[in-house]
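Undergrad: Following is a predicted model, sequence given first.
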Amino acid sequence: MLRIITQLTDLRAELRRICDRTDSGEMSEQQATVEAILRRVAKEGDRALIEYTAQFDHIDLTPETLRVKGDELDAAYQQVSKELLDAIRLAKQQIEAFHRQRVPKSWVQFGEDGIVLGKRYTAVDAAGLYVPGGRAAYPSTVLMNAIPAQVAGVQRIVMVTPPGQGKGINPAVLVAAQEAGIQEIYRVGGAQAIAALAYGTETIPRVDVITGPGNLYVMLAKKQVYGRVGIDSLAGPSEVLIIADEAANPVHIAADLLAQAEHDPLAAAILLTPSLPLAEAVVTAVNEQLAEHPRRVLTEKAIAHYGLIGIVQTLEQAVELSNNFAPEHLELEVEDPWSLVEQVHHAGAIFLGYSTPEAVGDYLAGPNHTLPTSGAARYASALGVETFLKHSSIIQYTPAALRKQGGAVMTLAETEGLISHRDSVRLRLEP
Ligand SMILES: NC(=O)c1ccc[n+]([C@@H]2O[C@H](COP(=O)([O-])OP(=O)(O)OC[C@H]3O[C@@H](n4cnc5c(N)ncnc54)[C@H](O)[C@@H]3O)[C@@H](O)[C@H]2O)c1
Ligand SMILES: N[C@H](CO)Cc1c[nH]c[nH+]1
Ligand SMILES: [Zn+2]
């Protein structure tokens with residue numbers, strides 16, 4: 001049941017508990033499971049992958065069946081409707097157009113005395129894309145991962161996704177992969193897939209960066225392998241925080257709350273509003289929509305544990321609470337959303353106005369749907385082309401420039417007691 005909280009202190013405490021839900025002592029068991037999975041895959045490679053897939057996904061694999069073969073990829077096209085293929089192609093086109101805008105470009109600048117400074121951007125050699133597939137199939141996530149990697153110019157792009165319980169990988173996922181130019185696909189999910197990408201196995205060569213969202217196990221695994229590989233962000237169980245005024249439509253708000261809750265029992269769905277009548281109408285609408293929901297049990301769990309409606313004094317107070325939460329998705333369901341945007345400091349994506357359901361961002365508006373969760377939006381951003389790029393600084397000094405600035409370098413080097421640093425300048429300045 002969706003609770004209404006009217007006391008500000010209670011509301012702050014509940015928001016903190018929900019924000020920290022994947023990072024609290026309660027998750028120490030899952031943390032230990034993930035550590036053990038990572039250790040075993042690093043040591044035993046394919047054998048561990050196969051055993052974990054049997055244990056968690058109930059599918060028997062062999063080293064030969066880990067990789068999806070060409071005939072399975074071809075067959076996938078026969079299993080999707082034209083309508084779905086058209087939707088995938090529209091999404092691809094719009095996501096690509098968005099991600100091609102403002103791609104970081106290498107640059108140099110020429111300063112005094114002939115000094116040249118700049119940045120040279122290069123792509124990682126190999127990227128591993130995680131596409132979730134436990135409770136739902138995510139062709140949209142294939143596009144959201146693969147397109148920025150392609151735009152960045154990554155040479156080797158690998159996709160991993162759970163094997164699908166009984167029915168195989170969803171054909172829409174395989175079609176989306178081919179539409180995005182991905183051919184190297186392995187049927188393995190969860191923490192074991194992240195381990196394979198980070199450490200490499202006999203069948204799956206390691207990568208340099210791992211991207212993509214996933215459940216708690218995937219998120220904890222990405223956190224633990226960070227350093228050995230790069231990651232995009234901690235994009236875990238989904239969340240939405242909606243700020244709504246009294247004119248917002250309670251039926252639409254209920255649907256948007258449930259649209260996050262249906263992803264995972266750990267998903268968060270929060271409404272902040274100054275209007276008690278709206279809050280009560282949303283509770284009624286949530287109950288009505290839940291009664292018809294095919295994933296009712298899972299969705300109810302999320303709503304009961306990580307759902308709430310907070311009654312606030314003003315919309316500005318709602319924004320302040322939202323900034324503390326740093327939600328993955330923030331919806332501004334208010335008359336004049338642009339008047340609030342300036343005050344928003346932390347959110348993965350911001351959806352403005354009554355006719356912008358978060359689902360348009362999930363599928364095809366263009367911006368990436370892989371977004372930081374559990375407060376990570378305080379310091380992290382959406383997956384993007386830059387996730388697959390790094391830059392090298394460019395520095396060139398002329399003899400004249402070294403003569404002019406060398407003294408200061410030597411002074412700093414001596415202060416640090418680093419005599420060879422000093423001499424590397426001094427020896428160049430000697431006649
Ligand atoms: N933040 C984002 O950008 C974003 C985007 C899309 C989806 N998501 C999230 O992705 C997640 C998708 O989750 P999912 O479960 O459907 O698919 P998933 O692929 O993330 O996880 C499924 C895998 O989890 C592993 N697993 C399941 N139970 C386990 C256990 N008890 N012990 C060890 N491993 C276990 C299994 O190996 C399974 O293959 C949801 O939380 C959703 O909210 C987030
Ligand atoms: N809402 C998810 C991000 O938290 C993305 C998604 C994909 N498909 C449906 N939804
Ligand atoms: Zn969604």
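TA: Done, it's in. Ligands and ions are numbered 1, 2, ... in the order given.
Undergrad: isn't Leu332 right next to Ala349, touching?
TA: No: Leu332 lies out of contact with Ala349 (Cβ atoms under 8 Å); the separation is 11.4 Å. C-beta here means a position set from N, CA and C on the backbone, and glycine is covered the same way.
Undergrad: Looking at those two, which one has more neighbours?
TA: Per other Cβ atoms under 10 Å, whichever of Leu332 and Ala349 has more neighbours is Leu332, with 28 against 21.
Undergrad: Look up which helix or strand the residue in the stretch 1-150 of the chain that ligand 2 sits nearest to falls in, please.
TA: Going by Cβ to the nearest ligand atom, ligand 2 is nearest to Ser140 of the stretch 1-150 of the chain, at 4.6 Å. According to DSSP states H and E, Ser140 maps onto helix 139-152.
Undergrad: Name every strand pairing with the helix or strand that that helix is followed by and say which way it goes.
TA: Next helix or strand after helix 139-152 toward the C-terminus (DSSP H and E): strand 156-161. Strand pairing for strand 156-161, determined by DSSP bridges: strand 126-130 (parallel), strand 184-187 (parallel).
Undergrad: Quick one: closest of these to Ala365.
TA: Among the strands paired with strand 156-161, strand 126-130 comes nearest to Ala365, with 20.3 Å by Cβ to Cβ.
Undergrad: Can you tell me what sits against that closest one?
TA: 142, 145-146, 149, 154-161, 182, 189, 193-194, 197, 205-214, 218, 222, 229, 388 (Cβ atoms under 8 Å, 6 or more residues apart in numbering).
Undergrad: Stretch 44-57 too?
TA: 37, 40-41, 59-63, 66, 162-163, 165, 187-193, 195-196, 200-204.
Undergrad: and the host helix or strand of Val175, what does it pack onto?
TA: Using DSSP H and E, Val175 sits in helix 171-179. On a contact count with 3 or more Cβ pairs under 8 Å, 6 or more residues apart in numbering; DSSP states H and E, helix 171-179 meets helix 70-78, helix 82-100, helix 139-152.
Undergrad: Give me whichever of the ones you listed is most buried.
TA: helix 139-152 (a mean of 26; mean count of other Cβ atoms under 10 Å).
Undergrad: care to break this protein down by domain?
TA: Dividing the chain into domains by automatic domain parsing, as the record does, gives the ranges 3-21+237-365, 27-103+122-233, 397-429.
Undergrad: Can you add distance to Thr373 and mean pLDDT and give the ones you listed back as a markdown table?
TA: Below are the domains of the chain laid out as a markdown table (distance: least, Cβ to Cβ, whole Å; pLDDT from 0 to 100):
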| stretch | distance to Thr373 | mean pLDDT |
| --- | --- | --- |
| domain 3-21+237-365 | 5 | 98 |
| domain 27-103+122-233 | 8 | 97 |
| domain 397-429 | 42 | 98 |
